[in-house]
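Student: Need coordinates for the below:
(chains A and B)
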Amino acid sequence: MPRTQPTEDLFQLIRDPIEHAALVAHVRGPGDGAVVTFDGCVRNQSHGRRTLYLDYEAYESMALTKIREIASEIHEKFTVNRVAIAHRLGRLEIGETSVFIAVSAPHRPAAFDACRYAIDTLKRTVPIWKKEYFEDGAVWADGELPPAPPDAPIAKPAS
Amino acid sequence: MATASNTIPIKVLFFGRLKEIVGRSEDSPAVAEGASIEDLFSTYRASHPELANYRSSLVASRNQEFAAWSTPLRAGDEVAFLPPVSGG
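Tutor: Model prediction:
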């Protein structure tokens, strides 16, 4: 279950360009000694094939839930003040930002560690998919299979 | 689908290549009471045999949480079959 979220955290799934500076300003406060950001952007090639553009889609309600869970985990694991995570959906051109993460903390080690944790976990657990468009076709990008509960003998519900 | 008395309504969502295979992003079937997520997938696999190629590389969710394939369905559940995720 998601734990209580500090109200200063910010989560976005948006179709308009991500506003980096606004997210940084959002997490930055007087108690911070560091803000670490991750800017994930659209590369011009994939496995040697020239990429034209990407198209992202999400299971939006679940993706937001999972992003909130990542932030909750960050507050448990690291001494940070605020977290902002934004992911863009729809068609993205080369060079555009697809995901942006900003973490503020009193000291830099926690900010670096938390930012790294956020992007690594997002890529493994948040239901977002990208389709890569090339000159000669399009493919759904190879992804990671999120960890799921194992099948187990089912106990009959008590009802 | 079924109109027998012992069915429950659920909602099913498809994403990525599954949406392309099934040709729709959502469905609102009635399933037999006691059916599992695996049983539900089997009904789609019967109508779209290509889905069998992807069963081992999917995870299931129920009401926005990852769920075991053996999870029994309840009325009003929102189920999704999720391909490997590739955000970021």
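
Student: Would you mind listing what in chain A touches chain B?
Tutor: Proximity of chain A to chain B, by CB under 8 Å from any CB of the partner chain, involves residues A:40, A:56-59, A:61-63, A:65, A:87, A:98-99, A:119, A:122-131, A:140-154, A:157. Any C-beta I mention is one placed from the backbone N, CA and C, and that applies to glycine too.

Student: do that again at 7 Å, thanks
Tutor: Residues of chain A found near chain B (CB under 7 Å from any CB of the partner chain) are A:40, A:57, A:59, A:61-62, A:65, A:87, A:98-99, A:119, A:122-123, A:126-130, A:140-146, A:148-152, A:154.

Student: So, low pLDDT: which residues of chain B?
Tutor: Chain B contains residues with pLDDT under 70 at B:1-5.

Student: can you map out the helices along it?
Tutor: For chain B, the helices defined by DSSP state H cover B:16-22, B:37-47.

Student: for those helices, which one sits closest to A:P106?
Tutor: Checking the helices of chain B against A:P106 by CB to CB gives helix B:16-22 as the closest, at 40.3 Å.

Student: Dump that closest one to PDB, keeping only the CA atoms.
Tutor: Output in PDB follows, covering the C-alpha atoms of helix B:16-22 (Å, rounded to 0.1, in the frame of the first residue of the first chain):
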ATOM      1  CA  GLY B  16       1.400  -1.900 -26.700                       C
ATOM      2  CA  ARG B  17       1.600  -4.800 -29.100                       C
ATOM      3  CA  LEU B  18      -1.300  -6.600 -27.300                       C
ATOM      4  CA  LYS B  19      -3.500  -3.700 -28.200                       C
ATOM      5  CA  GLU B  20      -2.400  -4.100 -31.800                       C
ATOM      6  CA  ILE B  21      -3.000  -7.900 -31.800                       C
ATOM      7  CA  VAL B  22      -6.400  -7.700 -30.200                       C
END
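
Student: Go through it and flag the buried ones.
Tutor: Buried residues in helix B:16-22, counted by 16 or more other CB atoms under 10 Å in any protein chain shown: B:G16, B:R17, B:L18, B:K19, B:I21, B:V22.

Student: try stretch A:36-49
Tutor: Residues of stretch A:36-49 classed as buried: A:V36, A:T37, A:F38, A:G40, A:V42 (neighbour count, 16+ other CB under 10 Å).

Student: Now do it: everything it contacts.
Tutor: By CB atoms under 7 Å, 6 or more residues apart in numbering or on different chains, the residues outside stretch A:36-49 that reach it are A:20, A:24, A:50-51, A:54, A:92-103, A:111-112, A:115, A:119, A:132, A:134, B:88.

Student: Quick check on these: which are buried?
Tutor: When neighbours are counted using 16+ other CB under 10 Å, the contacts of stretch A:36-49 contain these buried positions: A:51, A:54, A:92, A:97-103, A:111-112, A:115, A:119, A:132, B:88.

Student: ok, which stretches of chain B are strands?
Tutor: All strands of chain B, identified by DSSP state E, fall at B:7-9, B:11-14, B:26-27, B:30-32, B:59-62, B:65-67, B:78-82.

Student: In JSON lines, list those strands along with distance to chain A and mean neighbour count.
Tutor: Listed next are the strands of chain B as JSON lines, based on distance: least, CB to the nearest CB, whole Å; neighbours: other CB atoms under 10 Å in any protein chain shown:
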{"stretch": "strand B:7-9", "distance to chain A": "13", "mean neighbour count": "15"}
{"stretch": "strand B:11-14", "distance to chain A": "7", "mean neighbour count": "20"}
{"stretch": "strand B:26-27", "distance to chain A": "11", "mean neighbour count": "14"}
{"stretch": "strand B:30-32", "distance to chain A": "15", "mean neighbour count": "18"}
{"stretch": "strand B:59-62", "distance to chain A": "4", "mean neighbour count": "21"}
{"stretch": "strand B:65-67", "distance to chain A": "4", "mean neighbour count": "18"}
{"stretch": "strand B:78-82", "distance to chain A": "5", "mean neighbour count": "22"}
